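K.L.:
I need the structure of the sequence given here:
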Amino acid sequence: MTQFLLRLFFRQLPDPADPTARGKIGIFSGIVGIFCNLLLFTGKLIVGLVSHSVSITADAMNNLSDATSSIVTLLGFRLAERPADEDHPYGHARYEYLSGLAVAALIIVIGFELARTSFDKILHPTAINFSLPLVLVLAGSIGVKLWMYFFNRGLGKFIGSQTLMATAADSRNDAISTAAVLLAGCIEAVTDFQADGIMGLLVALFILYGGIDLAKETISPLLGEAASPELQKKIEDLVCSNPKVLGFHDLMVHDYGPGQRFASIHVEMDKREDPMTCHEIIDDLERACLRNLRVHLVIHYDPITVGDPVVDETRRAVLDILHGFDQRLDLHDFRMISGSGHTNLVFDVALPMDLRGKEKEITKTVEEKMHASHDGTYYAVITFDLSAIRAEKGQ
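P.N.:
Here you go, the predicted model:
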């Protein structure tokens, strides 16, 4: 159904990797959401006022907030399409995240208001005028919301949008909350137990939970979360696809919004390779990353010593010491700089987050064990990289 509507709206299936098409799909989702939610709001509000049901009225207000959310989502995708300018050289794609945060704020405000109204209904209960139109409207609402769930989830997966996936989850939650409202009406009709206020409060709490969860999901990328493991793996595979790349480390990805990701990485190559050849390889990898992954990649070239027995043996000895301290520790950029009477072992260590604060202890361990095996002539000069990502080939 989602594919059919996309073809109907766009005439041909758009490219999900195209930022312009992505924005149009987001706007399309917003238009559908506005129409459906306003339709549901009108039907539920009429039934809620006629039946004197606070839970149905609360559910109607929830649909109104969803319509407002769809407007905000539509505007967010529209603003995210704006090209880079002098003040925003990385573009405006983060507007999509900001729109999601605005939606979350609206949901939380509505949830608090509905909780207040429902609590008042618990203290001052009134009977619901249960009727066939009430059942039909609520059952129809559940069907529409379930369709919107699958619709937005399909669009979200198609373009890889967390905002649309959150919208889909919100529609699913609405279907569940409306089912709870219908259940309250049935309980009152059968048992005369006035469950309307209780169900309204449960719906409000459900809305609040969804709003807070959505806020967490949208705030996280704005704060600068780590790239997804899938994207990291794709960058790693692309970099390692060239046989002259012996290893890599310090992969960092900066997210300025969907379609606007910038990354940097250090690649290790044999220092005996022609620098011009290495430069050409790096340029090709950077262009391939932008073309295939839509990530602006900057590669730092690290020439390393390969095939020197002393360097290789010393490196393995230091790595064994690090693994003895913690199996997760790894090193890169290993160099031996000889001086008069001593040798500096210069290298970087990829440090897991939970080992922060133990840098001095690690350095002391390496130096003590290397001193013992080399008559006190080896000194460790270590740079610690927190959460550095590293892999090697052929070493």
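K.L.:
so how far is residue 52 from residue 138?
P.N.:
15 Å (CB to CB, to the nearest Å). C-betas here are computed from N, CA, C, even on glycine.
K.L.:
which of those two has more residues huddled nearby?
P.N.:
The neighbour comparison of residue 138 against residue 52 (other CB atoms under 10 Å) goes to residue 138, with 27 against 14.
K.L.:
by contact count, what packs against the strand or helix carrying that one?
P.N.:
Secondary structure from DSSP states H and E places residue 138 in helix 132-159. When contacts are defined as 3 or more CB pairs under 8 Å, 6 or more residues apart in numbering; DSSP states H and E, helix 132-159 packs onto helix 2-10, helix 19-51, helix 54-80, helix 162-191.
K.L.:
list the contacts for the residue lying closest to residue 203 once chain neighbours are set aside?
P.N.:
Of all residues not flanking residue 203 in the chain, residue 177 sits nearest, at 4.3 Å (CB to CB, 6 or more residues apart in numbering). Residue 177 makes contact with 59, 62, 202, 203, 206, 207, according to CB atoms under 8 Å, 6 or more residues apart in numbering.
K.L.:
spit out the contact partners of the third one.
P.N.:
The contact partners of residue 202, taken as CB under 8 Å, 6+ apart, are 177, 180.
K.L.:
now swap in the one 5 residues further on and tell me
P.N.:
For residue 207, the residues meeting the contact criterion (CB under 8 Å, 6+ apart) are 62, 107, 110, 111, 114, 173, 177.
K.L.:
try it again at 6 Å.
P.N.:
Residue 207 makes contacts with 62, 111, as judged by CB atoms under 6 Å, 6 or more residues apart in numbering.
K.L.:
just the element for it, please.
P.N.:
Using DSSP H and E, the element containing residue 207 is helix 196-223.
K.L.:
and residue 376, that's in a helix?
P.N.:
No: applying DSSP: H, G, I helix; E, B strand; the rest coil, one finds residue 376 to be coil, outside a helix.
K.L.:
and it, backbone torsions?
P.N.:
phi 70, psi 20 (degrees, to the nearest 10).
K.L.:
for residue 367, see how far away it is.
P.N.:
Relative to residue 367, residue 376 is positioned 9 Å away (CB to CB).
K.L.:
give me the more crowded residue out of the two.
P.N.:
Neighbour totals were compared for residue 376 and residue 367, and residue 367 leads with 18 against 13 (other CB under 10 Å).
K.L.:
state the three-state secondary structure for the nearest residue to the more buried one once chain neighbours are set aside.
P.N.:
With CB to CB, 6+ apart as the criterion, residue 367 has its nearest non-adjacent residue at 4.9 Å, and that residue is residue 380. Here residue 380 is strand, with the state taken from three-state DSSP.
K.L.:
do I have it right that residue 380 meets residue 346?
P.N.:
No: between residue 380 and residue 346 there is no contact, the gap being 8.3 Å when judged by CB atoms under 6 Å.
K.L.:
neighbour count: those two, which is higher?
P.N.:
residue 380 (21 against 15).
K.L.:
from residue 298, how far off is the more buried one?
P.N.:
Residue 380 sits 29 Å away from residue 298, taking CB to CB as the criterion.
K.L.:
so which elements touch whichever strand or helix holds residue 106?
P.N.:
Following DSSP H and E, one finds residue 106 within helix 95-123. On a contact count with 3 or more CB pairs under 6 Å, 6 or more residues apart in numbering; DSSP states H and E, helix 95-123 meets helix 54-80, helix 196-223.
K.L.:
most packed of the ones you listed?
P.N.:
Greatest average neighbour count among the helices and strands packed on helix 95-123 goes to helix 54-80 (a mean of 24), per mean count of other CB atoms under 10 Å.
K.L.:
pull out the buried residues from stretch 333-348.
P.N.:
Neighbour counts using 16 or more other CB atoms under 10 Å place 333, 334, 336, 343, 345, 347, 348 of stretch 333-348 among the buried residues.
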